[in-house]
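Colleague: just a sequence and a predicted model for now, questions to come.
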Protein chains: 2
Amino acid sequence: MQKNSPGKCIVSHRTLAMPVSPIRGLVPHAEAAVRDGKNVLFLNIGQPDIPTPRVFFDAAASFDDPVLAYGGSHGRPELLEAIVGHYRSDLGVPLEARDVLVTAGGSEALQFAVMLLCDPGDEIIVPEPFYANYAGVCASAQVRIVPVTTRAEEGYHLPHDPSARREALEKAISDRSKAILLSHPGNPTGTVYSHDELQCIVDVALERNLFIIADEVYRDFVYDNVPYESFTSFEDAADRVIIIDSISKRYSACGARIGFLISRNRDIMVHAMKYAQSRGCTAILDQVGAAALYSTPPSFLSGVREEYAARRDILCSTLESIPGATFRRPEGAFYISVRLPVGNASEFAVWTVRECDIDGETILVAPLAGFYSTPGLGTDEIRLCYALERDVLVRAGAILKKAVAAWQKMKVPAS
Amino acid sequence: MQKNSPGKCIVSHRTLAMPVSPIRGLVPHAEAAVRDGKNVLFLNIGQPDIPTPRVFFDAAASFDDPVLAYGGSHGRPELLEAIVGHYRSDLGVPLEARDVLVTAGGSEALQFAVMLLCDPGDEIIVPEPFYANYAGVCASAQVRIVPVTTRAEEGYHLPHDPSARREALEKAISDRSKAILLSHPGNPTGTVYSHDELQCIVDVALERNLFIIADEVYRDFVYDNVPYESFTSFEDAADRVIIIDSISKRYSACGARIGFLISRNRDIMVHAMKYAQSRGCTAILDQVGAAALYSTPPSFLSGVREEYAARRDILCSTLESIPGATFRRPEGAFYISVRLPVGNASEFAVWTVRECDIDGETILVAPLAGFYSTPGLGTDEIRLCYALERDVLVRAGAILKKAVAAWQKMKVPAS
């Protein structure tokens, strides 16, 4: 936690408690490397290089109202219709427009969910490592993250043994607990939870009166025919589930900032509307573009999925060849979290981007410590995003391997 | 304040404390009126009908990156350059890009400012009536608004007498006070503060170690050659001033959701970046369009200003002809707040939109009680937005006049 200078306490405690993003925090080092003339491969951020379907741009460009006016706080009707149609036909969920709120990306949907459920001092249970922005959103709302720690060796799954699994969740619950929050597939882990894991989460939530905030923005990216189940499929928990969804990853449209808060709990949605009203509406052209995206043929997503699976395999091959690297091939999303034999992964990440130079190139990776809330965990782990072209990943993997070897030579005394 | 159903406390206290927007809260009544076949004239919301300059749409349409990727959390360089250039050349303020953060409308800038400065239980001093969304933003941050009440009879200015003015502000200060927040020109009042009023606010802020959060989004709309001074012009307070700015009103582009948090206090901007990172970035196409808007020739704004002044005069003429209506011709923005002889203005507003029918038309107005934090104030006042075409305002004024007369006949017993 940062502190105000002595005698000059100008910002709030919640601001001091806000973390610097571990994903974006090292970007200045990368910018310095670029100024040094190096080409930096950005494996730190979940920014796909898949072209955004043209229908987005075409629809936005065909907007022909003379005034770019406010829209309803709820969202534009055609976008609500598109997302409802998607849930009904692709997921079999009997959603209605009133169950959905269009938000400024999944981030705003998460902010709303946390604020809706929690007062300062309340707690949210989150399997760690977790998407680092959860820490920022919870800190700004003064909500405490209570972690359920998962491990690289177990593919970041919940404990395999059913009673140990249940105990791990129950141990985290207190009378301030309001929700269980998780991304599924997992960011930064790529973990796809099994039916038994989901059922355990649902059982505990129902018994202990908790909400489930399910961040399912990577739902479309599950590989190797691993079965994927959405939290929306648990009918008996429908009024306990809040879904965070987004077009950012699904349609490679991160810069549109269009997401969704979805719940079949009517009270939640009525209250959510107050937060939505307090910021007016979501960007109009982007809503128009987003609505058009949902008519993209299914072949687009199957093609992207196939491509990501191939990219994952390329990166995994390299990681397998690094002595001492610990990870399990992830089942979904487009990240790999990996433990590396580098001691301090944060120092390693900074050194790699600043000092490492392989044929004029280097890589930026995200240190994983900022994805844990338990102090001291993740210090030797990093997250790699593989939403980059195959040849880039081949080069990035080679740089990583050489960087680890060079770092070890420099830092780890021969035993 | 709303309550959770007994035994079913599911949402947070901060959520329960969130107000329903008095601007948007009556919209369902208007929708019902539209379903009844009536044409509703929307004087409730600050939605200009001025066409958005085409350069916005042209620039957005010419965006030709194949991937709509995340941008920097700070904002796109060309938009930062445009806003910095505007402040330097039009306001004479030596701004740099690091003094600016691009936000999702002025709303997000305000959220950031409040969170940056205040913890739950802290206080912000606000002249009332104030823009109703201030109440929403402060409630969600659990920050208490301490009002300095102004009155219709005095054109909603601070007290005219210098010592009374200072006392009004000082009386509101406690050891939890963090900032003075105000819109200038005022929403919902149209009030343009004089140099003496601004100087008093600056003096008190400097002496009592408070920030000034100045919402100057209506800065371009000041009429009758009334002098306008921005809070940026107080050089000695530069590190105490946070400006909320936006393209929404200036360029009639409310639906773009592009605003700015501006401060020359370096610490504030460094911490603000953490909030910005936690939501990724602001919509990219809209930033591209917004940057282009700043090249709009000055004749656009002078034309709009002239038009709004004419519209204000039309509405004022009608209001002057309503017996018992109390207001002063506002100097800026595009709102008039007025006290009407209708008893309960909220009931009057609902009745007018639902029951009133003048040649198939009626109006929706915003009751002013939600723009005050002192209970019981503003109950007989409304806000009218005059950012609508002249002939619409002529019809709207006539409807208002007839509605007041009909309501009085129905509700107020003859004396």
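Modeller: Cool, the structure landed. Numbers count the residues shown, from 1 in each chain, chains lettered A, B, ... in the order given.
Colleague: can you list the residues of the stretch 101-250 of chain A near chain B?
Modeller: Taking Cβ under 8 Å from any Cβ of the partner chain as the contact definition, the stretch 101-250 of chain A meets chain B at A:104-105, A:107-108, A:111, A:115-120, A:122, A:133, A:136-137, A:140, A:142, A:178, A:211. The C-beta positions use only the backbone N, C-alpha and C, and glycine is treated the same way.
Colleague: take those and keep only those in helices.
Modeller: Using DSSP state H to define helices, the subset of these located there is A:105, A:107-108, A:111, A:115-117, A:133, A:136-137, A:140.
Colleague: buried subset of those?
Modeller: By neighbour count, with 16 or more other Cβ atoms under 10 Å in any protein chain shown, these hold A:105, A:107-108, A:111, A:115-117, A:133, A:136-137, A:140 as buried.
Colleague: identify the farthest-apart pair in those.
Modeller: The largest distance within these, taken as Cβ to Cβ, falls between A:Gly105 and A:Leu117 and amounts to 19.3 Å.
Colleague: for the stretch 301-415 of chain A, which residue gets nearest to chain B?
Modeller: For the stretch 301-415 of chain A and chain B, the shortest gap (Cβ to the nearest Cβ) falls at A:Ala387, measuring 10.2 Å.
Colleague: now that residue, nearest residue through space, not along the chain?
Modeller: Nearest residue to A:Ala387 in three dimensions, chain neighbours excluded: A:Pro48, at 3.9 Å (Cβ to Cβ, 6 or more residues apart in numbering or on different chains).
Colleague: how about the helices in the stretch 151-300 of chain A?
Modeller: A:162-171, A:195-207, A:266-277, A:284-293, A:298-320 (DSSP state H, counting those that start in this stretch).
Colleague: which of the ones you listed sits closest to A:Ile258?
Modeller: helix A:284-293 (4.3 Å).
Colleague: what residues does that closest one touch?
Modeller: Helix A:284-293 is contacted from outside by A:53, A:55-60, A:63, A:68-69, A:71, A:75-76, A:78-79, A:81-82, A:102, A:247, A:250-251, A:253, A:256-258, B:60, B:255-257, B:283, B:285-286, B:289, using Cβ atoms under 8 Å, 6 or more residues apart in numbering or on different chains.
Colleague: one more time with 6 Å, if that's ok
Modeller: With Cβ atoms under 6 Å, 6 or more residues apart in numbering or on different chains as the test, helix A:284-293 has contacts from A:53, A:55-56, A:59-60, A:63, A:68, A:71, A:76, A:78-79, A:82, A:247, A:251, A:256, A:258, B:255, B:283, B:285.
Colleague: find the closest residue to chain B in the stretch 101-250 of chain A.
Modeller: For the stretch 101-250 of chain A, Cβ to the nearest Cβ, closest residue to chain B: A:Gly136, 3.3 Å.
Colleague: who's in contact with that residue?
Modeller: Contacts of A:Gly136 by Cβ under 6 Å, 6+ apart are A:18-19, B:278.
Colleague: among these, find the lowest-pLDDT one for me.
Modeller: On pLDDT alone, A:Pro19 ranks lowest of the contacts of A:Gly136, at 86.
Colleague: that one and A:Val137 touch, don't they?
Modeller: No - checked against Cβ atoms under 6 Å, the pair A:Pro19 and A:Val137 is beyond contact range at 10.5 Å.
Colleague: mutual contacts of these two, please.
Modeller: What both A:Pro19 and A:Val137 touch, as defined by Cβ under 6 Å, 6+ apart, is an empty set.
Colleague: how is the residue of the stretch 301-415 of chain A closest to chain B assigned, secondary-structure-wise?
Modeller: When states are read from DSSP: H, G, I helix; E, B strand; the rest coil, the local structure at A:Ala387 comes out as coil.
Colleague: host element of the residue lying closest to A:Phe327 once chain neighbours are set aside?
Modeller: Of all residues not flanking A:Phe327 in the chain, A:Val338 sits nearest, at 4.0 Å (Cβ to Cβ, 6+ apart). Counting by DSSP states H and E, the element that carries A:Val338 is strand A:335-339.
Colleague: surely A:Leu41 is in a strand?
Modeller: Yes - the assignment for A:Leu41 by three-state DSSP puts it in a strand.
Colleague: that one and A:Ala396 touch, don't they?
Modeller: Yes - proximity of A:Leu41 to A:Ala396 meets the contact threshold set by Cβ under 6 Å, at 4.7 Å.
Colleague: in the stretch 1-150 of chain A, what spans have low per-residue confidence?
Modeller: A:1-9 (pLDDT under 70).
Colleague: which residue ranges form the strands in it?
Modeller: A:39-42, A:100-103, A:123-128, A:144-149 (DSSP state E, counting those that start in this stretch).
Colleague: deepest-packed of the ones you listed, please.
Modeller: Here the criterion is mean neighbour count by mean count of other Cβ atoms under 10 Å in any protein chain shown, and of those the winner is strand A:100-103, at a mean of 26.
Colleague: and the pLDDT at the residue lying closest to A:Ala325 once chain neighbours are set aside?
Modeller: Spatial nearest neighbour of A:Ala325, excluding adjacent residues (Cβ to Cβ, 6+ apart): A:Leu319 at 5.0 Å. Reading off the confidence values, A:Leu319 has pLDDT 97.
Colleague: give the burial count for A:Leu319, as a bare number.
Modeller: Other residues near A:Leu319 number 20, with proximity taken as other Cβ atoms under 10 Å in any protein chain shown.
Colleague: ok, it - contacts?
Modeller: Counting by Cβ under 6 Å, 6+ apart, A:Leu319 touches A:325, A:327, A:338.
Colleague: quick one: which of those has the most company?
Modeller: Tallying neighbours with other Cβ under 10 Å puts A:Val338 at the head of the contacts of A:Leu319, with 25 neighbours.
Colleague: which residues touch it?
Modeller: Neighbours of A:Val338 in contact, by Cβ under 6 Å, 6+ apart: A:319, A:325, A:327.
Colleague: 8 Å instead?
Modeller: Residues in contact with A:Val338, defined by Cβ under 8 Å, 6+ apart, are A:152, A:319, A:325-327, A:381-382, A:384.
Colleague: what's the following helix or strand after the strand holding A:Val338?
Modeller: Toward the C-terminus from strand A:335-339 - assigned by DSSP H and E - lies helix A:345-355.
Colleague: show me which residues of that following helix are buried.
Modeller: Of all the residues in helix A:345-355, those buried under the rule 16+ other Cβ under 10 Å are A:345-346, A:348-354.
Colleague: quick check, nearest of these to A:Arg14?
Modeller: A:Ser346 (24.3 Å).
Colleague: list the contacts of the closest one.
Modeller: Shown in contact with A:Ser346 (Cβ under 8 Å, 6+ apart): A:367, A:369, A:379.
Colleague: how much space separates the second one from A:Pro22?
Modeller: Plainly put, A:Ala369 is 7 Å away from A:Pro22 if you go by Cβ to Cβ, to the nearest Å.
Colleague: one more: the first one?
Modeller: If you measure A:Pro367 against A:Pro22 using Cβ to Cβ, the figure is 6 Å.
Colleague: cool, and A:Glu167?
Modeller: 30 Å.
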